[in-house]
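Chemist: compute the structure for the input listed below.
(chains A and B, ligands or ions: 2)
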Amino acid sequence: MIELNNVTKQYPGCTVPALDNVSLGIERGEFVFLVGPSGAGKSTLIKLIFREQLPSGGKMLFDGRNIAALKQNQLLEHRRQIGMVFQDFRLLKQKTVFENVAFALEVLGRSPKEIIEKVPTALDKVGLSGKAQSFPDKLSGGEQQRVGIARAIVKDPLVIMADEPTGNLDRDNSRQLMDLFETINQNGTTVIIATHEWEIVDRMQKRVVALECGRMIRDEQQGGYSHEL
Amino acid sequence: MNFNSFRYCMRQSIISLHRNLWLAVVTAGIIAISLSILGGFLLLAVNADQMIRNIGTNVEIGVFLEDGVQVEAIQQKLDNHAGIHSYTFVSKEQGLVDFGHSLGDRVLLIGMEGENNPLPDLFRVRTLDAENVPAVAAEIASYPGVEMTDYGEELVGRLLKITGWVNTLFLAVSILLALGAILLIITTIRLSVLARQDEVSIMKYLGASNWFIRFPFLLEGMTMGWTGTLAAAAALAVVYYRLATSLQQEALTFFIQPVTDTAQLLPIFIGLLLLGTLMGGFGSFISVRKFLRV
Ligand SMILES: Nc1ncnc2c1ncn2[C@@H]1O[C@H](COP(=O)(O)OP(=O)(O)OP(=O)(O)O)[C@@H](O)[C@H]1O
Ligand SMILES: [Mg+2]
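Modeler: Residues are numbered from 1 along each chain as shown, chains lettered A, B, ... in the order given. Ligands and ions are numbered 1, 2, ... in the order given. Got it, this is the predicted structure:
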């Protein structure tokens, strides 16, 4: 579903490319970890797939379409098929949990009827039905991130992409969150997670794509965080 | 953009307006003031135009005769002219007396009586149909013994000059105020953008279109525009109506009667309303382009 052919990303003003000649294929329904040390290019790869950034070279396909060549309305369609989850949650603190999740549908112009149907379902999936009327700053970090995930899945995306989703969470919360991602993945959604937390990666035993200094150094089904382990 | 999106944008702009209520009111107020002045100028222009036309076509024609000409011959021609309503004859002696009265100082005129009188004999002619004044004046001017005719071209010219100056002044002031109003709109919308920055930054990741992100701010600016203009139009309408009715009751001379024809006034009010809304939209467009990177 996602195909990268010799993709290179060179940020202006940088001497070394953030991504260097990366080729990679991700099928529908896969669960993929992007791992690597800081500055390896994990976030850059996610930004390229979301087309927040354009590649400097190579070809990228999403569902058969050239991502770099999308027109404005195709770009919106493209982004609507991707649910994004962030390290810092990015919830709107003046909105309730329900409103935060509903926001993802509102901005797509969905009807109130659809919103009333889908938001509780999404909250139910992340186990937050009881907190619908709470405000984000009254929730724990783990709960806030689950709101973030509910917001990402409420529009039924093809792919969920999460950049360091557990970066601000403790170990227990991280585990629960990974279990949640796994459940979502089992229901057919492709999941791509960038992380440098080796414990998680080792425990989950999923596909691992390792980057270092912009180069792909390893692509392993059911891998660990590093070779040695 | 579908109905749901539109409703969402409406709601957002109302929330924003509410949040910056005082700034919004001040902005709308400045728009109101600038458009009141512009509207006042337009009303004045319409009235001045009508007045000039009235004066130009309803004053008497002065028919100045050459010295020693047969007055009766010309009088006969005037009698037989189908387009003439009435006329009076003013002899050069009578003219001198009138002139002296108008100056209020007879001393100046001593020595101008009799043979030395510089004034011509003249007829004051009224036409049946106001529109024919220029034509009739030209025709009479061609009669033998008539030196020239005059029907207030000079007065009309002077009026045009004055109204021209007034118009330019009004226009300059209202343009300056409108620029001020647009700057205020830019500032107000900028504050709204800042207040909603979190929301806007997340919207892009949720797949919102640029238009969807921008539209609430445009609506907000346009709302300030049209509410301001509506206030201006209401104030203008009240003031103008009062002025018009009192002028009509004064029963002043025909040519300073105000324009009350709605077909002439309505376009001005509708035009103002559009202009105010456009100003609001323009200001927020600039602001959104400048401060909202989507
Ligand atoms: N917008 C940008 N402009 C310029 N350089 C950038 C930009 N974003 C990233 N980089 C550079 O590109 C390289 C890869 O960055 P990237 O954020 O993709 O790494 P990462 O693997 O996500 O790291 P981390 O684990 O710290 O998040 C780094 O050297 C970084 O400095
Ligand atoms: Mg990163």
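Chemist: give me the neighbour count for whatever residue of the stretch 1-150 of chain B ends up closest to ligand 1.
Modeler: When scored by C-beta to the nearest ligand atom, the stretch 1-150 of chain B has B:Gln12 as its residue closest to ligand 1, at 29.4 Å. Heads up, the C-betas are built off the backbone N, CA and C, glycines and all. A count of nearby residues for B:Gln12, using other C-beta atoms under 10 Å in any protein chain shown, gives 21.
Chemist: quick one: which helix or strand includes it?
Modeler: helix B:3-19 (DSSP states H and E).
Chemist: does chain A sit close to that helix?
Modeler: Yes: under the criterion of C-beta under 8 Å from any C-beta of the partner chain, chain A is reached by helix B:3-19 at B:Asn4, B:Ser5, B:Tyr8.
Chemist: state the next helix or strand along the chain beyond the host helix or strand of B:Thr149.
Modeler: According to DSSP H and E, B:Thr149 maps onto strand B:146-150. Next helix or strand after strand B:146-150 toward the C-terminus (DSSP H and E): helix B:153-195.
Chemist: in a strand, A:Glu3, correct?
Modeler: Yes: counting by DSSP: H, G, I helix; E, B strand; the rest coil, one finds A:Glu3 located in a strand.
Chemist: which residues of the stretch 151-294 of chain B lie near chain A?
Modeler: Selection of the stretch 151-294 of chain B residues close to chain A by C-beta under 8 Å from any C-beta yields B:198-199, B:201-210, B:212.
Chemist: now tabulate the residues of helix B:3-19 next to chain A in TSV and tack on distance to ligand 1, neighbour count and pLDDT.
Modeler: Formatted as TSV, the residues of helix B:3-19 next to chain A follow (distance: C-beta to the nearest ligand atom, whole Å; neighbours: other C-beta atoms under 10 Å in any protein chain shown; pLDDT from 0 to 100):
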residue	distance to ligand 1	neighbour count	pLDDT
B:Asn4	34	18	85
B:Ser5	31	19	85
B:Tyr8	31	22	85
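Chemist: can you add distance to A:Thr44 and give the residues you listed back as TSV?
Modeler: Formatted as TSV, the residues of helix B:3-19 next to chain A follow (distance: C-beta to C-beta, whole Å):
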residue	distance to A:Thr44
B:Asn4	35
B:Ser5	32
B:Tyr8	33
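Chemist: about what we covered before: the helix holding B:Gln12 vs helix B:153-195, what angle?
Modeler: Angle, helix B:3-19 to helix B:153-195, by axes from the mean of the first three to the mean of the last three C-alpha atoms, to 10 degrees: 100 degrees.
Chemist: how many residues are close by A:Ile153?
Modeler: 23.
Chemist: OK, contacts around it?
Modeler: A:Ile153 makes contacts with A:Gly83, A:Ala122, A:Lys125, A:Val126, A:Ile160, A:Ile184, A:Thr189, as judged by C-beta atoms under 8 Å, 6 or more residues apart in numbering or on different chains.
Chemist: I figured the last one hits A:Met161, correct?
Modeler: By that I understand A:Thr189. No: applying C-beta atoms under 8 Å, one finds A:Thr189 not in contact with A:Met161, separated by 10.7 Å.
Chemist: any common contacting residues for the two?
Modeler: A:Gly83.
Chemist: between these two, which one's more packed in?
Modeler: When neighbours are counted by other C-beta under 10 Å, A:Thr189 and A:Met161 differ, and A:Met161 comes out ahead with 25 against 20.
Chemist: can you list the strands that the helix or strand that one falls within pairs with?
Modeler: Here A:Met161 sits within strand A:159-163, counting by DSSP H and E. Using DSSP bridges, strand A:159-163 pairs in its sheet with strand A:82-85 (parallel), strand A:190-194 (parallel).
Chemist: surely A:Ser23 is in a strand?
Modeler: Yes: assessed with three-state DSSP, A:Ser23 lies in a strand.
Chemist: coming back round to it: which neighbours does the strand holding B:Thr149 have in its sheet, and in what orientation?
Modeler: strand B:61-65 (antiparallel).
Chemist: who touches the strand it pairs with?
Modeler: B:71, B:74, B:87, B:120-127, B:133, B:136-137, B:140-141, B:145-151.
Chemist: 6 Å instead, please
Modeler: B:120-123, B:125, B:137, B:140, B:145-151 (C-beta atoms under 6 Å, 6 or more residues apart in numbering or on different chains).
Chemist: nearest residue to residue 171 other than its sequence neighbours?
Modeler: Answering for chain A, as no chain was given. Of all residues beyond its chain neighbours, the one nearest A:Arg171 is A:Glu199 (7.2 Å), with distances taken as C-beta to C-beta, 6 or more residues apart in numbering or on different chains.
Chemist: hm, I was asking about chain B
Modeler: B:Phe41 (6.4 Å).
Chemist: what about the one you found, distance to chain A?
Modeler: Counting by C-beta to the nearest C-beta, to the nearest Å, the separation of B:Phe41 from chain A is 43 Å.
Chemist: the one helix or strand that residue maps to to helix B:3-19, inter-axis angle?
Modeler: Using DSSP H and E, B:Phe41 sits within helix B:21-58. Interaxial angle, helix B:21-58 versus helix B:3-19 (the same axes, to 10 degrees): 100 degrees.
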